[in-house]
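Engineer: Generate a structure from the sequence data that follows.
(one chain, ligands or ions: 1)
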Amino acid sequence: MRTVHTLFDLRAALAGAPRSAFVPTMGNLHEGHLSLVRQARAAGGGPVVASIFVNRLQFAPHEDFDTYPRTLERDAQLLRDAGCDLLFAPSEADLYPEPQGYKVHPPTELADILEGHFRPGFFVGVCTVVLKLFNCVQPAIAVFGKKDYQQLMVIRRMVDQLALPIDILGGETTRADDGLALSSRNGYLSAAERVEAVTLSRTLRGVAEAVAAGRRDFAAIEAESLQALAARGWAPDYVAIRRQRDLGPPQAGDTALVTLAAARLGTTRLIDNLELALL
Ligand code: PAF
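Structural biologist: Okay, the predicted model is just below:
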């Protein structure tokens, strides 16, 4: 695997190669990212390209941009072992040589709800960097984790509406043995918080079981889940039951649903989701 740090070197490395399968990341990689790399390897005929770039544009001033772990050497070794061919790890000066004035504003009905409501501007930052990375790498395929369910949907919509010639694939969430969704931010948890963290996925399973048992009072299930998290010391942002196709509130006849949650445990904000099928 080769590592390049500039757009110039990236273009030179890709010149003449078939269009790639691309996995954009912010680094501090874990098994979830590596499963996306393996999925990219299996899906595409061209080289597998990963990027590592901690994107300032998607962090609010009070968030963890400065402390987000930068572990490039370790990440490069993991990517190499997972079958990645080329790592693009640009500096800020290379990706944003001047303040990024042109930005991608995703539609508010998709991007200002749930994560976008609690992290205003987050999806503007994500779409802007992802479009820019797509323009740099020009992949045929890009793989994003379903753990960031809304992000995957926002990016799919951007690719559709802007007619980008890229197939977007969703990768299943990788979980620890106890069910906690793997996340770079799990590393912020203390030992005691790590034990408690599994409550988030258990909460979503509780929602799924309530729905599977026939409950359709979604607002009440959401409120009970929020209360239960708060009672255990969490500061929940949302527990929501939405339809998969646009993350709108379920209407009669919707059968493909998803329950999504975001909550803070101590200073660490965790998100997770679970797809539900109504029979
Ligand atoms: O999911 C992430 O790691 C980031 O939001 C992404 C897609 C790499 C854009 O910075």
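Engineer: Can you name the residues of the stretch 1-150 of the chain sitting close to the ligand?
Structural biologist: Pro24, Thr25, Met26, Asn55, Gln58, Val126, Val129, Val130, Asp148 (CB under 6 Å from any ligand atom). All C-beta spots, glycine's among them, are computed from the backbone N, C-alpha and C.
Engineer: The fifth one contacts Gly116, correct?
Structural biologist: In other words, Gln58. No. Between Gln58 and Gly116 there is no contact under CB atoms under 8 Å: 11.1 Å.
Engineer: Common neighbours of the two, please.
Structural biologist: Phe122, Phe123 (CB atoms under 8 Å, 6 or more residues apart in numbering).
Engineer: how about the residues of the stretch 151-279 of the chain near the ligand?
Structural biologist: Counting by CB under 6 Å from any ligand atom, the stretch 151-279 of the chain sits next to the ligand at Gln151.
Engineer: in the stretch 151-279 of the chain, which spans are strands?
Structural biologist: 167-171, 235-243, 256-265, 268-277 (DSSP state E, counting those that start in this stretch).
Engineer: how about the ones you listed in TSV, adding mean neighbour count and mean pLDDT?
Structural biologist: Listed next are those as TSV, based on neighbours: other CB atoms under 10 Å; pLDDT from 0 to 100:
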stretch	mean neighbour count	mean pLDDT
strand 167-171	18	98
strand 235-243	20	98
strand 256-265	21	98
strand 268-277	19	98
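Engineer: Relative to His30, which of these is closest?
Structural biologist: strand 167-171 (12.6 Å; CB to CB).
Engineer: got the contact list for the closest one?
Structural biologist: 32, 35-36, 39-40, 43, 140-146, 152, 155-156, 159.
Engineer: In PyMOL, how would I select the buried members of those?
Structural biologist: In PyMOL syntax, the buried subset of these is picked out as below (16 or more other CB atoms under 10 Å):
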select buried, resi 32+35+36+39+40+43+140+141+142+143+144+145+146+152+155+159
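Engineer: number of nearby residues for Gly125?
Structural biologist: 19 (other CB atoms under 10 Å).
Engineer: wait, isn't it in contact with Leu57?
Structural biologist: Yes. Look at Gly125 against Leu57 with CB under 8 Å: they come within range, at 3.5 Å.
Engineer: List the contacts of the host helix or strand of Val49.
Structural biologist: Using DSSP states H and E, Val49 sits within strand 48-52. Outside of strand 48-52, the residues within contact range by CB under 8 Å, 6+ apart are 14, 20-27, 29, 33, 37, 40-41, 72, 75, 79, 83-90, 133, 137, 139.
Engineer: same thing but 6 Å
Structural biologist: Here strand 48-52 makes contact (CB atoms under 6 Å, 6 or more residues apart in numbering) with 20-25, 27, 40-41, 75, 79, 84-89, 133, 137.
Engineer: That one: what's the following helix or strand?
Structural biologist: helix 72-82.
Engineer: got the angle for that following helix vs strand 48-52?
Structural biologist: 160 degrees (axes from the mean of the first three to the mean of the last three CA atoms, to 10 degrees).
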